[in-house]
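**Student:** for reference, the sequence and a predicted model appear below.
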Amino acid sequence: MNETLDEQSRLSLVRYRLERADETIVEAKLLAGDGHYNATMNRLYYACFYATLALLVANGIATASHAGVKTMLGLHFVSKGLLDKEHGKTFSRLFEIRHTGDYDDFVYCDKEMTDEYTPKAEAFISRIKELLEDNNRRTRIFPWLTSTGHARLHKQMY
């Protein structure tokens with residue numbers, strides 16, 4: 001996403017990406033419940049990807065590819081200690097799994113893998129929301145994002 005956004009468009013896009021992250025986690029759980037583990041891992045990656053896009057857009061950081069999103073997350077948030085290395089590893093590993101699953105043959109994910117990465121993806125998204133809330137406390141740029149926790153954010157968005 002390289003275009004310059006006006007403030008209202010940027011706010012709308014951040015909100016939309018967070019909504020997509022939440023919806024996609026729900027999709028992942030439904031797919032896992034039906035035994036579709038490759039699709040589950042794909043959706044876990046995309047849930048984290050959408051949350052990361054929200055964070056990048058909120059901070060005025062443009063990217064043009066999935067690899068660019070991963071790089072900018074590492075450069076601006078993991079390397080500066082704003083996002084811990086475990087969260088960075090989670091995103092990187094989900095990126096690899098999604099890429100391998102989409103482009104390589106004979107790739108199989110299993111229940112054990114989805115059971116491991118579902119809570120990691122949820123924690124990643126939760127931390128992204130915390131970073132956005134912290135940023136909002138300083139800037140008050142997102143009026144719908146409050147410091148009382150992202151559970152309220154979720155209620156306000158739906």
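**Tutor:** Cool, got the structure. Given the structure is predicted, the values throughout are model-derived calculations rather than measurements.

**Student:** every contact and neighbour count from this point should use C-alpha atoms.
**Tutor:** Noted.

**Student:** buried set for the particular helix or strand that has residue 133 in it?
**Tutor:** Using DSSP states H and E, residue 133 falls within helix 111-139. Across helix 111-139, burial judged by 16 or more other C-alpha atoms under 10 Å covers 114, 117-118, 120-122, 124-129, 131-133, 135-136.

**Student:** packing partners for that helix?
**Tutor:** Judged by 3 or more C-alpha pairs under 8 Å, 6 or more residues apart in numbering; DSSP states H and E, helix 111-139 is in contact with helix 7-33, helix 37-58, helix 85-103, helix 150-157.

**Student:** of the ones you listed, which is nearest residue 64?
**Tutor:** Counting by C-alpha to C-alpha, residue 64 lies closest to helix 37-58 out of the helices and strands packed on helix 111-139; the figure is 10.8 Å.

**Student:** could you check how far that closest one is from the centre of its chain?
**Tutor:** Centre-to-centre, helix 37-58 and its host chain are 4 Å apart (C-alpha atoms, centre = their mean, to the nearest Å).

**Student:** re earlier: pick the most deeply packed of the helices and strands packed on helix 111-139.
**Tutor:** Of those, the one with the most neighbours on average (mean count of other C-alpha atoms under 10 Å) is helix 37-58, at a mean of 24.

**Student:** quick check: angle from the helix holding residue 133 to helix 37-58?
**Tutor:** 10 degrees (axes from the mean of the first three to the mean of the last three C-alpha atoms, to 10 degrees).

**Student:** can you tell me the SS state at residue 108?
**Tutor:** coil (DSSP: H, G, I helix; E, B strand; the rest coil).

**Student:** please tell me how far it sits from residue 40.
**Tutor:** As judged by C-alpha to C-alpha, to the nearest Å, residue 108 and residue 40 stand 11 Å apart.

**Student:** same question, residue 54
**Tutor:** For residue 54, the distance to residue 40 - C-alpha to C-alpha - is 21 Å.

**Student:** before we move on, what about residue 27?
**Tutor:** From residue 27 over to residue 40 (counting by C-alpha to C-alpha), the distance is 8 Å.

**Student:** before we move on, what about residue 101?
**Tutor:** Using C-alpha to C-alpha, residue 101 is found at 11 Å from residue 40.
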